[in-house]
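Q: I would like to see how this sequence folds:
(one chain, ligands or ions: 1)
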Amino acid sequence: MTQRRPGFPARLPSFSESTPGSAFAPRRAVLGTPAVSMGAAMDFAGVRARMVKRLATGGVTAAAVLQAMGTTERHRFVDTALGNQAYEDTSLPIGLGQTISKPSIVARMAELLLGAEGVRAGGLGRVLEVGTGCGYQAAVLSLLAREVYSIERLRGLHEKARTNLRYLRLTNVHLLFGDGMLGYAKGAPYAAIVAAAGGTSLPLEWCEQLAVGGRLVAPISGADGQQMLLVVDKTPHGLKQNVLEAVHFVPLKSGVA
Ligand code: SAH
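A: Okay, here's the model as predicted:
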């Protein structure tokens, strides 16, 4: 666990708190912000709280994960027109043919990362996320890990994530533009590596850059084309892997564009 997310300094300079459900109304009224946006903000807090309840009912038990999901404003990571769907458990388009992962899978993967041997002992240290997309998962992870390195191969999305995350001023998130199939050696070793795009095999670099006691969570397609969530633990005796449930992620691609 690291810092709480700083409020909304860039857009709403007088807010200093970001507690879900309580941060918006009174001071906005004082500021004289139009009632319509005040109502929208309050609605988002309400639907976000309901989303968190659904995640808990659906099996997410880690309090830190539920809190991070309740704090991170997913509606700010999608187009305004999609805002009213932001807290449904669905992936949504973010441009360039890519999607923001659905909340339940973001929470699921975060919880898996927290379950790593080394993490249970010493907290979640450095995390590498492959596939920044719009930056949502990086924002969630920033509340759970000491440092987040998030790499994206599409420049347009790398820049979008930068814009989306700017107002949060997350000092522990490092956005990188590059091919995440190579990992990011400069940040290694990682306590955890999480991929938001699925390939057909695990890049060797990811296993190399994982710390002993660390855990890798990634979608992998089998010969039948079915994508499954794979968990790899790096133990002092080697890699231990577990195949979990079927998932649907965008494809992992090599190179940058
Ligand atoms: N983490 C995002 C999900 C983004 S979708 C979220 O918060 O919802 C997955 C992203 O992985 C896409 O933006 C895609 O461009 C990116 N991607 C695919 N292959 C990649 C690679 N080799 N390196 C880095 N990013 C990659």
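Q: Pull the number of nearby residues for the closest residue to Arg74 other than its chain neighbours.
A: The spatially closest residue to Arg74, leaving aside those adjacent along the chain, is Ala86, at 4.6 Å (Cβ to Cβ, 6 or more residues apart in numbering). Where you see a C-beta, it was placed from the backbone N, CA and C, and this is true even at glycine. Using other Cβ atoms under 10 Å, Ala86 has 23 other residues around it.
Q: same thing with the one 4 residues further on?
A: Other residues within reach of Thr90 by the criterion other Cβ under 10 Å amount to 14.
Q: residues from this structure in reach of the ligand?
A: 98-101, 130-134, 136-137, 151-154, 157, 179-181, 196-197, 250, 252-254 (Cβ under 6 Å from any ligand atom).
Q: Mark which of these are buried, thanks.
A: Among the residues of the chain next to the ligand, those classed as buried by 16 or more other Cβ atoms under 10 Å are 98-101, 130-134, 136-137, 151-154, 157, 179-181, 196-197, 250, 252.
Q: Identify those among those residues that sit within helices.
A: The helices, defined by DSSP state H, take in Tyr136, Gln137, Leu157 from these.
Q: From Leu175, how far off is the nearest residue to Leu170 once chain neighbours are set aside?
A: Spatially, and ignoring its direct neighbours in sequence, Leu170 is nearest to Ser142 (4.6 Å; Cβ to Cβ, 6+ apart). Using Cβ to Cβ, to the nearest Å, Ser142 is found at 11 Å from Leu175.
Q: Gly178 is in contact with Ile151, isn't it?
A: Yes - counting by Cβ atoms under 8 Å, Gly178 sits close enough to Ile151 to count as a contact (5.5 Å).
Q: what touches both of those two?
A: By Cβ atoms under 8 Å, 6 or more residues apart in numbering, Gly178 and Ile151 have these common neighbours: Tyr184.
Q: could you pull out the helices for this protein?
A: 25-31, 35-57, 63-71, 103-114, 117-122, 136-142, 155-166, 204-209.
Q: Would you reformat the ones you listed as a markdown table and include mean pLDDT?
A: Output for the helices of the chain, formatted as a markdown table (pLDDT from 0 to 100):
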| stretch | mean pLDDT |
| --- | --- |
| helix 25-31 | 32 |
| helix 35-57 | 83 |
| helix 63-71 | 98 |
| helix 103-114 | 98 |
| helix 117-122 | 88 |
| helix 136-142 | 98 |
| helix 155-166 | 98 |
| helix 204-209 | 98 |
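Q: okay, these in JSON lines with distance to Ala191 next?
A: Output for those, formatted as JSON lines (distance: least, Cβ to Cβ, whole Å):
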{"stretch": "helix 25-31", "distance to Ala191": "38"}
{"stretch": "helix 35-57", "distance to Ala191": "23"}
{"stretch": "helix 63-71", "distance to Ala191": "14"}
{"stretch": "helix 103-114", "distance to Ala191": "8"}
{"stretch": "helix 117-122", "distance to Ala191": "6"}
{"stretch": "helix 136-142", "distance to Ala191": "11"}
{"stretch": "helix 155-166", "distance to Ala191": "21"}
{"stretch": "helix 204-209", "distance to Ala191": "11"}
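Q: Go through the ones you listed and name the closest to Leu244.
A: Closest approach to Leu244 among those is made by helix 103-114 (8.0 Å; Cβ to Cβ).
Q: Tell me who's in contact with the residue nearest to Asn242 when sequence neighbours are not counted.
A: Distances taken as Cβ to Cβ, 6+ apart put Val231 closest to Asn242, at 4.6 Å, once the chain neighbours are dropped. Counting by Cβ under 8 Å, 6+ apart, Val231 makes contact with Leu112, Arg215, Leu216, Val217, Gln241, Asn242, Val243, Leu244.
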